[in-house]
Structure formats: structure tokens, C-alpha cells
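In: Pasting a predicted model and its sequence here:
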Amino acid sequence: MKNNIKNYYRRAFTLIEVLVSVIIVFIVVIGAMQISKKNKDMAIYILKRGSSEIDNSLFLTKKVQHYSNDKKSAYDLLVDEFSIKDFESRDLLKKIKKKINITEPIPIPVGGEDESPQFIFYTNEILLNGDYPARYYTFK
């Protein structure tokens, strides 16, 4: 009879075992929550970065070459390209501003090392500074 009572009480978990399992579950849940927060932050960053790239594409017109070291709005660059009659669109384009930096064209000779170049390409860099800076290159 005494052995049956000992076996009956042995089948249950002790208080320490329960506390250890609760602590392990708590650590796993906290880790999962931190990973979830990092994923959310990364998704927000990617969304904002993608939106910024769309904004940057508004500045990639031929007219941008004239505005080195200037801060311009997208409206300033697109007003001659498009007829923008909607006031809401105008206001949105005027809010998108970037500082434009353009380097001097650099010649890139194309041809063999020993012979004179067959072609010379010119490249320059367009740097758009804003919340998410972007770098573009033009070739002539």
C-alpha cells in the first residue's frame, strides 16, 4: 500500500518542473515577439523605400542635368513635360523635394589597351538626397 501511494504522488510534476517549463515557454514567446517586431519594422522600411524609389523616378528627366546642387520639387521638373491641371496632383508633386547633386561627365574609353579607343562614353552620377538617398548613372 505504501508503494502505491508513493507511485501516485510520483506521477505529478513538481512545482520546480512547472516553473522551469513556464520560464522556457516565456523565453520562446518573447523571442518570437521580437522576431515578429523586426519583421514588421523591415516590412515598413521596404514599403517606405519602395515609395521613395517611385518618388525618385520622377526626378529622372533630361531637365535634371540643369539642377546640380539645387533642392527642387518633382513639380519643378515635370511641369514642362506634362500638363498638370489637377491642383491635388500639383500639391503632391510640390511636396516631393530632393537635393540634386550631379558629377561632371567622366570619359570612359572603349577599345583595346594598346590601341586608340574606338568609342568614348561619358558617364555622370545623379545623387538624389532625401529620406532615402538614391544614386543613378547616365551614359552618353
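Out: In hand now; what should we look at? Residues are numbered from 1 along each chain as shown.
In: Is the residue nearest the centre of the chain within a helix or a strand, and which one?
Out: When C-alpha atoms, centre = their mean is applied to the chain, the residue found nearest the centroid is residue 49 (3.3 Å). Assigned by DSSP states H and E, residue 49 belongs to helix 15-57.
In: pLDDT-wise, which helix or strand of this protein ranks last?
Out: When the helices and strands of the chain are scored by mean pLDDT, DSSP states H and E, helix 2-10 comes last with a mean of 61.
In: Where does the prediction get shaky in this structure?
Out: 1-12, 112-114 (pLDDT under 70).
In: same thing but at 80, please
Out: Scanning the chain with the threshold set as pLDDT under 80 gives 1-13, 110-120.
In: Kindly list the longest strand within it.
Out: For the chain, the strand that runs over the most residues, judged by DSSP state E, is strand 119-129.
In: Direction included, what does that one pair against?
Out: Its sheet considered, strand 119-129 pairs with strand 97-102 (antiparallel), strand 106-110 (antiparallel), strand 134-139 (antiparallel) by DSSP bridges.
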